[in-house]
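In: have a look; sequence and predicted model below, questions after that.
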Amino acid sequence: MAYKVFVDGQEGTTGLRIHEYLAGRSDIEVLKIDADKRKDAAERARLINASDVSFLCLPDAASREAAAMVSNPNTCLIDASTAHRTVPGWSFGLPELAKDQRAKIRASKRIANPGCHASAFILAVRPLVDAGLLAPEALISATSITGYSGGGKSMIAQYEAGGDSKLDSPRPYALGLAHKHLPEMMAHTGLKQAPVFMPIVGSFYKGLAVTVPLHLSQLRAGTRAEHLHEALSAHYAGERFIKVLTLRDPATMETGFYDVQACNDTNRVDIAVFGSETQVLVMARLDNLGKGASGAAVQSMNVHLGLDEGLGL
Ligand SMILES: NC(=O)C1=CN([C@@H]2O[C@H](COP(=O)(O)OP(=O)(O)OC[C@H]3O[C@@H](n4cnc5c(N)ncnc54)[C@H](OP(=O)(O)O)[C@@H]3O)[C@@H](O)[C@H]2O)C=CC1
Ligand SMILES: CC(=O)N[C@@H](CCC(=O)OP(=O)(O)O)C(=O)O
C-alpha cells in the first residue's frame, strides 16, 4: 500500500520541487488540496491528518500553525521552514550530521529540515569541531553565494520581471548580522559563537556555495589543510550524497574559478578544501532546491519511512 503524502504549500517553490521528486513514485500517493482551498485551515488540517507524511513548505508562521493542527499520532511532519530547527522535540533533517542522526529521523514524527545556507555551513564545519581541529569557542566567519530561488516566489518574480539593473550584480544581504540560519548553524556544529555570516544573492536561479575562511593559527596547533581534508573525508566516508573533493580540487585550480552551480539538479553536496601554508578555505556547494531544501526533505522522508534513502533523488 502506498504512503499518503501531503505538501502544505504545494504551489510554492519548494513544494513544487517536492512534487517533481515524488512524481512517478509508485510507493507514494500524493494528497492534493484544491487550489482555492490551499489556505483553508480546516481543509489543510484534514489532509495533514489523513497523511503519513506532510511536508510543510510554508512561511514560518504558517508552519507553526500547521504543526498545531496535527491530531493523528501517526502523521510525520517534515518542515522546510525555519520555524522548528532548534526546537526541542524536533529532529534535524540532516542524516549525515552524525552517526546517530538517521536513527533520530527514523524515530521522530517531527523533522525540521535545515536551511540552505545552514546545510552547507554545518556540513563543512561540524566534522572539524568533532575532530577537535576547530574549538567550539572559535570565532569564525562565512559567506554564501546563492541563486535567487532561495528567496521563494516573491524573489523569483522580482528577478524574472527584468528591468532593474541593480539585480544584475551580486547583492550582499542580512547585513544586520542576524540571519535566521545562525541559531541552527550554532546548535548543529557546536560553535558557541555565531559566525559573522554574509550571504550574497546573485542573478542566477539556483546553486549555493558557503565559504569558511580560516587562518591555520585559529585551528589546533600544527593543523594543516591536509588534516582538515582528512577529517572531512573520514566523516563522510560512505555517504552517497556528500562528496569531499580532492584537496585543492584540480578542476577548480585548472580553471581558476569555483563553480557554485556544479551540484544543480542533484541532491549532492561537494565539499572542497583549498589551502596555503598559513590559510585555508573550506567550501560547500549544493542546489538550494536540492539538498538545500526539497531533495533533503524527500531524503528525510525516505529515512523516516525506512526506505532506501536515495529513492527518487
Ligand atoms: N526556496 C528555497 O531555496 C528554500 C526555502 N526554504 C523554506 O521553505 C519554506 C517555503 O519556501 P518557498 O517554497 O521558497 O516559498 P514560496 O514563497 O515560494 O512558497 C510558499 C507557499 O506557501 C503558501 N502559503 C503561505 N501562507 C500559507 C498558509 N497560511 N496556508 C497555506 N499555504 C500558504 C504560499 O501561497 P501563495 O502561492 O499564495 O503565495 C506559497 O505558495 C519557507 O519557510 C522557506 O524559508 C528552505 C530552504 C530553501
Ligand atoms: C536568497 C535568499 O533570500 N535565501 C534565503 C534562504 C532560504 C532558506 O534556506 O531558507 P529557510 O531558512 O527560510 O528555510 C535567505 O537567506 O533568507
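Out: Cool, the structure landed. Numbers count the residues shown, from 1 in each chain. Ligands and ions are numbered 1, 2, ... in the order given.
In: which residues of the stretch 101-250 of the chain lie near ligand 1?
Out: Contact residues (C-beta under 6 Å from any ligand atom) of the stretch 101-250 of the chain with ligand 1: Gly115, Cys116, Ser149, Gly150, Gly152, Lys153. Heads up, the C-betas are built off the backbone N, CA and C, glycines and all.
In: with adjacent residues omitted, what lies nearest to the fourth one?
Out: The shortest distance from Gly150 to any non-neighbouring residue, by C-beta to C-beta, 6 or more residues apart in numbering, is to Asn288 (4.6 Å).
In: can you give me the strands in the stretch 201-313 of the chain?
Out: Under the criterion DSSP state E, counting those that start in this stretch, the stretch 201-313 of the chain contains strands at 208-215, 242-244, 269-275, 279-286.
In: low-scoring stretches of the chain, by residue?
Out: Within the chain, no range satisfies pLDDT under 70.
In: top helix in it by residue count?
Out: Assignment by DSSP state H gives helix 116-130 as the longest helix of the chain.
In: what residues does this structure put near ligand 2?
Out: Counting by C-beta under 6 Å from any ligand atom, the chain sits next to ligand 2 at 80-82, 115-116, 146, 150-151, 155, 180-181, 199, 201.
In: most neighbours among these, which one is it?
Out: If you count neighbours using other C-beta atoms under 10 Å, the busiest of those is Ala80, which has 31 neighbours.
In: and the gap between that residue and ligand 1?
Out: As judged by C-beta to the nearest ligand atom, to the nearest Å, Ala80 and ligand 1 stand 4 Å apart.
In: same check on Leu177?
Out: From Leu177 over to ligand 1 the distance is 19 Å, taken as C-beta to the nearest ligand atom.
In: the nearest residue to that residue once chain neighbours are set aside pairs with what?
Out: The shortest distance from Leu177 to any non-neighbouring residue, by C-beta to C-beta, 6+ apart, is to Val196 (6.7 Å). In this entry, Val196 is beta-bridged to Ser141, by DSSP bridges.
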